[in-house]
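> Kindly return the folded structure for what I paste below:
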Amino acid sequence: IKEGHKLGQFVELFKTSPAVSANLIASGLYFYGYNELSTMTLKKTGAVTQSVANTAKRVIVIVGVAIVLGESLDPIKLLGCSIGIGGVLLYSIIDQLLAKKN
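Predicted structure coming up:
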């Protein structure tokens, strides 16, 4: 809302810069495809499975970007990634763990 007055500048930039218009359109198409894929995944699995997969995806993206860009992972980032990976691992083996007890 605070940057609404810049809309005219953006529209002008969109009209005059092929890179901006191409990137905006590509971004919209990729996001639409992502939403379609998420809906298809949700229909075939379940909400919890998709949520866990989304968490795993975020951890993979964080670690992957850090590796590609050569950034160091601070201890707090490593802790967060470890919690995320541990949660995904626990979710994937919880049925086997509970079956052994019964």
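> in the protein, which segments are predicted with low confidence?
Within the chain, the stretches with pLDDT under 70 are 1, 102.
> Going along the chain, name the helices of it.
Assigned by DSSP state H, the helices in the chain fall at 7-16, 18-44, 47-69, 75-101.
> Need those in JSON lines (columns: mean neighbour count).
Bear in mind the C-beta positions are built from the backbone N, C-alpha and C, glycine included. Formatted as JSON lines, the helices of the chain follow (neighbours: other CB atoms under 10 Å):
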{"stretch": "helix 7-16", "mean neighbour count": "11"}
{"stretch": "helix 18-44", "mean neighbour count": "11"}
{"stretch": "helix 47-69", "mean neighbour count": "13"}
{"stretch": "helix 75-101", "mean neighbour count": "11"}
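> tell me the centre residue of the protein?
Centroid check for the chain by CA atoms, centre = their mean gives residue 58 as the closest residue, at 4.8 Å.
> so that one makes contact with residue 81?
No: if you go by CB atoms under 8 Å, residue 58 and residue 81 don't touch, sitting 9.3 Å apart.
> on that earlier part again, and the residue nearest to the centre of the chain, what does it touch?
By CB atoms under 8 Å, 6 or more residues apart in numbering, the contact list for residue 58 reads residue 84.
> That one and residue 95, how far apart?
Going from residue 58 to residue 95 by CB to CB, to the nearest Å gives 23 Å.
> need the contact list for residue 50.
Here residue 50 is in contact with 38, 41, 42 (CB under 8 Å, 6+ apart).
> measure the residue nearest to the first one when sequence neighbours are not counted to residue 83 for me?
Just to be clear, that refers to residue 38. Closest residue in space to residue 38, ignoring its immediate chain neighbours: residue 50 at 6.9 Å, by CB to CB, 6 or more residues apart in numbering. Plainly put, residue 50 is 19 Å away from residue 83 if you go by CB to CB.
> And residue 89, by the same measure?
11 Å.
> ditto for residue 20
38 Å.
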